[in-house]
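Participant: sequence? don't have it. structure:
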């Protein structure tokens with residue numbers, strides 16, 4: 001019984017880690033997209049000033 005509980009805990013921990021990793025990856029992608037958008041906007045403003 002104890003072994004089964006430990007196994008379940010390990011599986012839960014693994015699932016949590018995986019979910020955390022995916023969340024971080026999604027956040028990173030969103031940040032990259034936002035930076036890209038800002039970069040384009042700044043370029044446009046720069047061109048408008050010239």
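Facilitator: Happy to help now that I have it. Note that the coordinates shown come from a computational prediction; the quantities given were computed from them, not determined experimentally.
Participant: Let me see the mean pLDDT of the strand or helix carrying residue 4.
Facilitator: Using DSSP states H and E, residue 4 sits in helix 2-49. The average of the pLDDT scores along helix 2-49 is 96.
Participant: what's the distance between that helix and the middle of its chain?
Facilitator: Centroid separation for helix 2-49 versus its chain: 0 Å, with Cα atoms, centre = their mean, to the nearest Å.
Participant: Going by contacts, tell me the helices and strands next to that helix.
Facilitator: The helices and strands touching helix 2-49, judged by 3 or more Cβ pairs under 8 Å, 6 or more residues apart in numbering; DSSP states H and E, number zero. (Each C-beta comes from the backbone N, C-alpha and C, glycine too.)
Participant: Number of residues surrounding residue 13?
Facilitator: 10 (other Cβ atoms under 10 Å).
Participant: measure it to residue 20 for me?
Facilitator: For residue 13, the distance to residue 20 equals 10 Å [Cβ to Cβ, to the nearest Å].
Participant: Equivalent analysis for residue 28, please.
Facilitator: The spacing between residue 28 and residue 20, counted by Cβ to Cβ, is 13 Å.
Participant: cool, and residue 2?
Facilitator: 27 Å.
Participant: neighbour-wise, which of the two wins?
Facilitator: Remark: of residue 2 and residue 20, residue 20 carries more neighbours, 10 against 6, as counted by other Cβ under 10 Å.
Participant: what's near enough to touch residue 28?
Facilitator: Contacts here follow Cβ atoms under 8 Å, 6 or more residues apart in numbering; on that basis residue 28 touches nothing.
Participant: separation between it and residue 48?
Facilitator: For residue 28, the distance to residue 48 (Cβ to Cβ) stands at 31 Å.
Participant: Same question for residue 20.
Facilitator: Taking Cβ to Cβ as the measure, residue 20 falls 42 Å from residue 48.
Participant: now do residue 6
Facilitator: Plainly put, residue 6 is 63 Å away from residue 48 if you go by Cβ to Cβ.
Participant: That'll do, ta.
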